[in-house]
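Colleague: Below are the sequence and a predicted model for it; my questions follow.
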Amino acid sequence: MNTLHAEWTKLRTASGTLGLLLGLAVAVVGVSVAAAVSLACPMVDVCDGDPTRVGLTGVQLGQAVVAVFAVLAVGTEYSSGLILSTLAAMPRRTSVLAAKALLIGALVAVASTMGVLASVLIGRSILRGNGFTLPAMTAVLRPAAGSVLYLTLVALLCVGVAFAVRSSAAGIGVALGLLYLFPVVALAASDPTWHRRLQQIGPSTAGLGIQATVDLHELVLSPWAGLGVLALWALGWLVVGWLVLTRHDA
């Protein structure tokens, strides 16, 4: 509990924390609303696409803000040397990592919930006005809740990356590479088998399938299975970060 309180105090008083969390919510809402406005259906009978997923487009930008926030929350301590004081005061290193992961994940979950909820409510109003027949709100629960879980898992993945590389700049580069490089490589793959395989193992390409509400049979993985792939990525990086933290000098 003392470790959790200490980490909360550091996060709460760190400059930029509130700004990045606010930026996360704004990015999710702003891009989602822009995508909804740009999607018009000239004839109701020929409306195509997945309006629910379009209304959550901002999550794709929001994950970049999450990556920066999570990596800086850990990496800044290494660059400033504060990590030495942290480990001197709290020698149980596993507890330090767990406390940081818990708090960062919780803060991202709160901010992303606000952003996703606003995106769903505003997006549905805009899309309905653009001629789309939208599913009931109950059908949107899985994509909306899944988007919040997606961003929270991205935060945990980035915490693991930051502890593993122990550098803010390198951590942000690795995290953004993991999130945005797989889709690019998958698109560049000329072999259909490799194209599908890369989409199945990519943390973002697999995880964002949780937003889909139509043509689920065309997904490379089922929505929850795709989110499970991201969870495995997050767990894997947390384990790597834990090994580096506990077996190497700070």
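Modeller: Good, I have the coordinates.
Colleague: Identify the residue spatially nearest to the spatially most central residue of the chain, adjacent ones excluded.
Modeller: With distances taken as CA atoms, centre = their mean, the residue of the chain nearest its centroid is Leu151 (2.6 Å). With CB to CB, 6 or more residues apart in numbering as the criterion, Leu151 has its nearest non-adjacent residue at 4.1 Å, and that residue is Ser112. (Glycine included, C-beta is placed from N, CA and C.)
Colleague: The residue nearest to the centre of the chain and Val31: what is the separation?
Modeller: To Val31, Leu151 is 13 Å away according to CB to CB, to the nearest Å.
Colleague: Number of residues surrounding the residue lying closest to Thr246 once chain neighbours are set aside?
Modeller: Nearest residue to Thr246, sequence neighbours excluded (CB to CB, 6+ apart): Arg93, at 5.0 Å. Arg93 is flanked by 16 other residues according to other CB atoms under 10 Å.
Colleague: can you point me to the longest helix in this structure?
Modeller: Criterion DSSP state H: the longest helix present in the chain is helix 93-129.
Colleague: Find residues that contact each of Leu151 and Val31.
Modeller: Gly62 (CB atoms under 8 Å, 6 or more residues apart in numbering).
Colleague: which is the next helix or strand following the worst-scoring helix or strand of the chain on mean pLDDT?
Modeller: Least confident element among the helices and strands of the chain, by mean pLDDT, DSSP states H and E: helix 2-13 (a mean of 81). Moving toward the C-terminus from helix 2-13, the next helix or strand (DSSP states H and E) is helix 17-38.
Colleague: Does anything pack onto that next one? Which helices or strands?
Modeller: The contact analysis (3 or more CB pairs under 8 Å, 6 or more residues apart in numbering; DSSP states H and E) places helix 17-38 against helix 51-54, helix 59-80, helix 93-129.
Colleague: so what does the shortest one touch, helix or strand wise?
Modeller: Applying 3+ CB pairs under 8 Å, 6+ apart, one finds that helix 51-54 makes contact with helix 17-38, helix 93-129, helix 137-165.
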